[in-house]
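**Student:** I need the structure of the sequence given here:
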Amino acid sequence: IKRNVLIMVNAIKGLYIECDIPMAQLIINMNGALPQSQKFIIHVLDNTRIFVRSDMAGQIRSAIATFREQNTYEKPS
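**Tutor:** Coordinates of the predicted model:
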């Protein structure tokens, strides 16, 4: 007797981010500081690739921009 088994797949719309390790750690730390209900990382693929909720793209970009501004060397005049 053969039985057909249907497997339902859950798809989640997300954003794939590939970056260097320090930037990935910034994103992971940002996620870690949030309450469980607001966490946005769906899956950490490896040290440089992260899959996140797509609705958080603007907030992640803003945090990265702020991080870069704070860590940019400016030659003294």
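**Student:** and the end-to-end length of stretch 38-55?
**Tutor:** End-to-end distance of stretch 38-55 (Cα to Cα, to the nearest Å): 11 Å.
**Student:** neighbouring contacts of that stretch?
**Tutor:** Residues outside stretch 38-55 that contact it (Cβ atoms under 8 Å, 6 or more residues apart in numbering): 12-21, 24, 27-28, 31, 34, 56, 59-60. Just so you know, the C-beta spots here come from the backbone N, C-alpha and C atoms, and that holds for glycine as well.
**Student:** and if you look at stretch 20-27?
**Tutor:** In contact with stretch 20-27 (Cβ under 8 Å, 6+ apart) are residues 17, 19, 41, 44, 47-50, 52, 60, 63-64, 67.
**Student:** redo these as a markdown table? Include pLDDT, neighbour count and distance to Arg3.
**Tutor:** As requested, the contacts of stretch 20-27 are exported to a markdown table (pLDDT from 0 to 100; neighbours: other Cβ atoms under 10 Å; distance: Cβ to Cβ, whole Å):
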| residue | pLDDT | neighbour count | distance to Arg3 |
| --- | --- | --- | --- |
| Ile17 | 96 | 18 | 41 |
| Cys19 | 95 | 15 | 45 |
| Ile41 | 97 | 18 | 37 |
| Val44 | 97 | 15 | 37 |
| Asn47 | 96 | 12 | 42 |
| Thr48 | 97 | 13 | 43 |
| Arg49 | 98 | 13 | 38 |
| Ile50 | 98 | 24 | 39 |
| Val52 | 97 | 21 | 38 |
| Ile60 | 94 | 20 | 45 |
| Ala63 | 93 | 16 | 50 |
| Ile64 | 91 | 16 | 50 |
| Phe67 | 90 | 15 | 54 |
